[in-house]
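[1] here is the input, now give the coordinates:
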Amino acid sequence: MKRMILLAVAATLLAACGGTATNNSTPTATKADAPKPTASAPTAEVLFAMEKQASEAWIKGDKAFFEGMMSDKFVSFEQGRRGSKSDTLGMIGTYKCEMKTWDLTEPQMSKINDDTYALTTKGTYDGSCTGPDGKAMKMPSPVRAVSIYTRDGDKWKGAYHGETMIIDPKNPPPAPPKTEAPKKDAETAKKEEINKPTPGANTDALVKLHTGGWEAFKAKDAKAFGDLLSSNMALVDPIGGYISGKDAVIKTWTETMKCEGITKTSVSDGFASALSPTVEILTLKGTADGKCDGMANGPLWQMAVYVKEGEAWKLAFMQEWPGM
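    Numbers count the residues shown, from 1 in each chain. Next comes the predicted model:
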């Protein structure tokens, strides 16, 4: 970058006349010193437009679009499988999709902090995608999708994406057939172990907080939830419902859901990574026994966004899936 140079004209003239050259000028800020532009606070409409672009790019297998749109700290999470930006980029384009129709509706924006926002949408798809194995798979539909966007200089970039099936509890879909994971040869397994990512330094602390949240759920402890949740808390539940606001989420967990026989809860597979010094994404599996709303409880996969408010970490957003 070319630097702007301030010419001390007066000093030069004095020197030319035999006087002592003294530079009394105030240093001028250079281009390098100028503040870098930052993205303004987003609106739901702006993020929704980005989300539509991303959906179309995914269907078309446009890898180049995502290389510029995704944060280097991007995380995906699907049925317990956590992926990075490189994992996701490596998958884009390997699936050939044919869509008769698709649509995104019901955009809801939730603020995590000034530099991080969540956008929730409803996706409806009529089509299928064929994977590298040649097998066609009908696109799940409808789904509740969650995307986390983070400020990166003068742009907003995607830092997370996950989708939960929207299920009518009175008419649930049939359970998917059980499938066995493909067997890996010793060399592949060794490479995966070597390249296995390391959980972030705050993983244990956030898992401990999250475990407290499950204990509060068992005890229907509204006060404990009040201490744990951010005021902007929003939730996508295991059947794809969207609940916004701290009070609404607490009421759902302590009053609306009719639970019985819960004697134990547990948290496992915790893995946290930082989007910034004040925002972390925690993925994990939570489990409870007993029943809620007449249905047997079991394992749930969860993606939880924690934000640091003062010295305390608060749960600001969560997405859940039935553990299968």
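
[2] would you mark the buried spots in the longest strand belonging to the chain?
    Ordering each strand of the chain by length in residues (DSSP state E) puts strand 96-113 first. By neighbour count with 16 or more other C-beta atoms under 10 Å, strand 96-113 contains the buried residues 97, 102, 104, 107-113. C-beta: built from backbone N, CA, C; applies to glycine.

[3] average pLDDT across stretch 147-156?
    Stretch 147-156 carries an average pLDDT of 95.

[4] now do the same end-to-end measure for that stretch.
    Using C-alpha to C-alpha, to the nearest Å, one end of stretch 147-156 lies 12 Å from the other.

[5] any idea how far that stretch is from the chain center?
    A distance of 12 Å separates the centroid of the chain from that of stretch 147-156, by C-alpha atoms, centre = their mean, to the nearest Å.

[6] buried sites along that stretch?
    147-152, 156.

[7] so which residues make contact with that stretch?
    Contacting residues not belonging to stretch 147-156 are listed as 36-39, 42, 46-47, 50-51, 54, 71, 73, 112, 114-119, 121, 157-161, 275-276, 279, 281, 305, 317 [C-beta atoms under 8 Å, 6 or more residues apart in numbering].

[8] please indicate which of those residues are buried?
    Buried, going by 16+ other C-beta under 10 Å: 39, 42, 46-47, 50-51, 54, 71, 73, 112, 115-119, 121, 157-161, 275-276, 279, 281, 305, 317, out of the contacts of stretch 147-156.

[9] among the residues you listed, which lie within helices?
    46-47, 50-51, 54 (DSSP state H).

[10] so which of these comes closest to G226?
    Nearest to G226 out of these is L47 (C-beta to C-beta; 28.6 Å).

[11] you'd agree the closest one is up against A118?
    No - under the criterion of C-beta atoms under 8 Å, L47 is not in contact with A118, lying 9.0 Å apart.

[12] which residues do those two both contact?
    In contact with both L47 and A118: 109, 147, 149, using C-beta under 8 Å, 6+ apart.

[13] the helix or strand harbouring the second one vs strand 96-113, what angle?
    Secondary structure here is read from DSSP states H and E; on that basis S147 sits in strand 143-152. Strand 143-152 runs at 60 degrees relative to strand 96-113, counting by axes from the mean of the first three to the mean of the last three C-alpha atoms, to 10 degrees.

[14] pLDDT wise, what is the residue nearest to A234 when sequence neighbours are not counted at?
    Using C-beta to C-beta, 6 or more residues apart in numbering and skipping the chain neighbours, the partner closest in space to A234 is S110 (4.1 Å). The model reports S110 with a pLDDT of 96.

[15] then I5?
    Confidence at I5, expressed as pLDDT, is 30.

[16] what does T124 give?
    pLDDT, T124: 96.

[17] is it bridged to anything, and to what?
    Taking DSSP bridges, one obtains D103 as the residues bridged to T124.

[18] quick one, helices of the stretch 201-324 of the chain?
    Taking DSSP state H, counting those that start in this stretch as the test, the helices found in the stretch 201-324 of the chain are 203-219, 222-228, 246-251.

[19] quick one: distance of the longest strand of the chain to the chain centre.
    14 Å.

[20] now for it, which elements pack on it?
    helix 44-60, strand 116-130, strand 229-236, strand 242-244, strand 299-309, strand 312-322 (3 or more C-beta pairs under 8 Å, 6 or more residues apart in numbering; DSSP states H and E).

[21] just to revisit the earlier point, strand partners of the strand holding S147, parallel vs antiparallel please.
    Short version: by DSSP bridges, strand 143-152 pairs with strand 116-130 (antiparallel), strand 155-165 (antiparallel).

[22] mind putting those strands into JSON lines with distance to F271?
    Shown next, in JSON lines, are these (distance: least, C-beta to C-beta, whole Å):
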{"stretch": "strand 116-130", "distance to F271": "19"}
{"stretch": "strand 155-165", "distance to F271": "13"}
